[in-house]
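Asker: Predicted model, plus sequence, below.
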Amino acid sequence: MKNPKDKKIEEETEEIKDRKISELEAQIQSAEKAAEENLAGWQRAKADFVNYKKDQEKMFSDFRRYANEDMIIALLPTVDSFALATKHLPEELKDSDWAKGVICIKGMFENFLKETGVSEIKTLGEKFDPNIFEAVGEEESESESGTVIEEVQRGYKMGDKVIRAAKVKVAK
């Protein structure tokens, strides 16, 4: 038979063990909860950083795309002049080296505009849209009322942005 004193010591020892185990389990749960919170916070921070990088890349891309807009707008009258010069080229000069050079330069300007994302606005036969056209006159026509019947000056877009509205005449 065990001594009551030994039995009491054994019970106290078991209680201490149980209390220690409970404390350690509580610490483990607390540490696991903290680890989960840290992981979730890190994942949110990582997602925020990825979104920030995407936003920055888009901003820089837009900046690059539109940074030269003023320069391109300043070049458009020159492009118009080359188009006009080639349109009104006299027949007797069409085969001359000079005319070929002018046509080549016109082509170089057009390629430059394409490479920078600039495109002409389609006009003839289109329904008048005040967002991309500027009406400079109305004329009687067999075309449906409100239809563009003549392009007075080319219009241009850079991507989806109109950088110069097309000047047009519209059917009455």
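Answerer: Perfect, thanks for sending it.
Asker: Okay, now the unreliable bits of the chain?
Answerer: Counting by pLDDT under 70, the ranges of the chain that qualify are 1-2.
Asker: which stretches of it form helices?
Answerer: Assigned by DSSP state H, the helices in the chain fall at 4-67, 69-87, 97-115.
Asker: want to try a markdown table for those helices, with mean neighbour count as columns?
Answerer: All C-beta atoms are positioned from the backbone trio N, CA, C, and that covers glycine. Converted to a markdown table, the helices of the chain look like this (neighbours: other CB atoms under 10 Å):
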| stretch | mean neighbour count |
| --- | --- |
| helix 4-67 | 10 |
| helix 69-87 | 14 |
| helix 97-115 | 13 |
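Asker: got the contact list for residue 86?
Answerer: By CB atoms under 8 Å, 6 or more residues apart in numbering, the contact list for residue 86 reads 99, 102, 103, 106.
Asker: Now do the same contact list for the closest residue to the last one other than its chain neighbours.
Answerer: Read that as residue 106. Take residue 106 and drop its neighbours on the chain: the residue closest to it by CB to CB, 6 or more residues apart in numbering is residue 82, 3.9 Å away. Residues in contact with residue 82 (CB under 8 Å, 6+ apart) are 102, 105, 106, 109.
Asker: Between those, which sits nearest residue 17?
Answerer: Each of the contacts of residue 82 was checked against residue 17 using CB to CB; the closest is residue 109, at 88.9 Å.
Asker: for that closest one, what are its contacts?
Answerer: By CB under 8 Å, 6+ apart, the residues touching residue 109 are 75, 78, 79, 82.
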